[in-house]
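[1] sequence below, structure please.
(one chain, ligands or ions: 1)
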Amino acid sequence: MAQYTPQELAARLKDGLLSFPATAFAADQSVDEEAVREHVTWQSGYDVAGLFAAGGTGEGFSLTDAEHAQVVRASVESSRPEVPVLGSAGGSTRQAIAQAQASEAAGAEGILLLPPYLTECDQQGLLEHASAVVGSTRTAVIVYNRANAIYSAETVAELARRHENFIGFKDATGDIEHLAKVYARNGDRMFYLGGLPTAETFALPLLQLGMSTYSSAMFNFVPEFALDFYRDVRNQDRDAVTEKLNRFVLPYLEIRDRGKGFGVSIVKAGIRAIGRNVGGVRPPLHDLTEQDRADLSALIEKAGIRPATAATAA
Ligand SMILES: O=C([O-])C(=O)C[C@H](O)[C@@H](O)C(=O)[O-]
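    Next up, the predicted model:
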């Protein structure tokens with residue numbers, strides 16, 4: 001049973017940092033539910049506004065429907081009660097509806113609608129796809145503007161007109177003209193969330209475009225640093241943001257960019273670097289090399305951002 005109405009959830013999520021927990025896999029690549037629970041419990045102990053289970057960083061695209069439901073349920077049950085957990089929905093319209101409903105049944109407070117795979121689609125098709133998914137659940141829905149799901153300002157407005165539980169727009173394009181149009185047309189009817197890879201990099205400029213928050217993948221392993229960064233962004237403290245970009249985020253991008261899909265792999269390597277463990281990634285992603293991992297560990301130490309609670313980890 002949801003604790004928040006969609007509007008209450010939007011009000012909470014828009015003014016705090018958000019994150020996407022990595023999904024733990026065992027050595028044989030099966031879902032390691034105990035480690036999923038342990039990771040979400042640890043993450044929700046911080047002052048995070050919401051956690052999105054089985055999202056991009058959570059490799060939702062590599063999970064079966066049964067595993068997706070398992071991960072969302074385990075995350076809901078492991079999160080501190082004050083920290084809402086949202087699930088995800090992706091793939092074909094019918095698959096996405098099934099995942100949205102499974103997320104709701106697992107107790108998720110909302111859903112992030114991931115893009116449908118493979119095919120191109122125009123606005124009419126995208127609208128009907130998203131509308132069918134949003135209409136299939138009573139929980140709040142945030143659409144993810146990415147890949148083959150680029151929502152025009154008018155499509156967003158029509159979704160908002162049709163569905164009260166449509167509460168958010170997450171962007172992973174960084175297309176300023178497009179974002180300006182979406183915000184100008186829809187204003188504060190919904191909240192806007194930055195979701196480009198390593199979202200910290202873009203957080204300060206996107207604040208001006210109405211993006212009051214973002215999803216931090218690095219929160220998975222340097223939560224205190226990620227929360228400090230968010231505070232500096234919201235205070236519009238350019239000097240503090242620039243210092244943190246130079247100290248950690250920009251050198252981190254250099255390691256992340258050594259491989260395609262490393263946006264997720266580097267998060268799992270980061271979790272390992274601080275002494276916790278959620279295993280490796282599933283194909284089509286692959287893990288960092290030993291050298292990459294050593295460089296990441298050295299960077300975390302040099303930046304002085306190892307979390308205080310990491311020492312207690314398994
Ligand atoms: O699951 C997702 O889509 C994401 O995790 C987006 C990331 O959090 C992205 O914003 C990042 O890498 O910071």
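
[2] quick one: name the residues of the stretch 201-314 of the chain near the ligand.
    With the criterion set to Cβ under 6 Å from any ligand atom, the stretch 201-314 of the chain comes near the ligand through 215-217, 263. All C-beta spots, glycine's among them, are computed from the backbone N, C-alpha and C.

[3] swap in 8 Å and give it another go.
    214-218, 263-264, 267 (Cβ under 8 Å from any ligand atom).

[4] out of the residues you listed, which is nearest to Val182?
    Taking Cβ to Cβ as the measure, Val182 sits nearest to Tyr214 out of those, at 15.7 Å.

[5] ok so that closest one is a strand residue?
    Yes. Tyr214 sits within a strand when classified using DSSP: H, G, I helix; E, B strand; the rest coil.

[6] ok, and the closest non-adjacent residue to it?
    Gly194 (3.4 Å; Cβ to Cβ, 6 or more residues apart in numbering).

[7] and that neighbour, bridged to which residues?
    Asp171, Tyr214 (DSSP bridges).

[8] show me what contacts it?
    170-171, 202-203, 206, 211, 213-215 (Cβ atoms under 8 Å, 6 or more residues apart in numbering).

[9] most widely separated two among the residues of the stretch 201-314 of the chain next to the ligand?
    Tyr214 and Val264 (16.5 Å).

[10] who's more crowded, these two?
    Between Tyr214 and Val264, Tyr214 has the larger neighbour count (other Cβ atoms under 10 Å), namely 28 against 25.

[11] for the more buried one, give its distance to Lys181.
    20 Å (Cβ to Cβ, to the nearest Å).

[12] next one: Arg306
    Arg306 is 42 Å from Lys181, by Cβ to Cβ.

[13] more neighbours: which of those two?
    A count of neighbours by other Cβ under 10 Å puts Arg306 above the other of Arg306 and Lys181, at 18 against 15.

[14] confirm that the more buried one sits in a helix.
    No. Assigned with three-state DSSP, Arg306 falls outside any helix and is coil.

[15] just checking, it touches Ile274?
    Yes. With contact defined as Cβ atoms under 8 Å, Arg306 and Ile274 form a contacting pair (5.7 Å).

[16] tell me, what's touching those two both at once?
    Joint contacts of Arg306 and Ile274 (Cβ under 8 Å, 6+ apart) are 222, 300.

[17] quickly note the distance from Arg231 to the ligand.
    17 Å (Cβ to the nearest ligand atom, to the nearest Å).

[18] ah, wrong one, I meant Gly270
    Gly270 is 11 Å from the ligand, by Cβ to the nearest ligand atom.

[19] can you report how many residues neighbour that residue?
    24.

[20] now do Gln70
    19.

[21] quick one: contacts for Arg234?
    Here Arg234 is in contact with 207, 212 (Cβ under 8 Å, 6+ apart).

[22] now do the strands in the stretch 101-250 of the chain.
    110-113, 140-145, 166-171, 191-194, 211-216 (DSSP state E, counting those that start in this stretch).

[23] adding distance to Trp42, write the ones you listed out as TSV.
    As requested, the strands of the stretch 101-250 of the chain are exported to TSV (distance: least, Cβ to Cβ, whole Å):
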stretch	distance to Trp42
strand 110-113	21
strand 140-145	24
strand 166-171	24
strand 191-194	23
strand 211-216	15
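
[24] what residue in the stretch 51-200 of the chain comes nearest to the ligand?
    At 2.7 Å from the ligand, Gly56 is the closest residue in the stretch 51-200 of the chain, using Cβ to the nearest ligand atom.

[25] who's in contact with that residue?
    Gly56 touches 20, 114, 195, 263-264, counting by Cβ under 8 Å, 6+ apart.

[26] next, give phi and psi for Pro6.
    phi -50, psi -40 (degrees, to the nearest 10).

[27] and for the nearest residue to it once chain neighbours are set aside, the neighbour number?
    Once flanking residues are discounted, Pro6 sits nearest to Ala140: 3.7 Å by Cβ to Cβ, 6+ apart. Neighbours of Ala140 under the rule other Cβ under 10 Å: 29.
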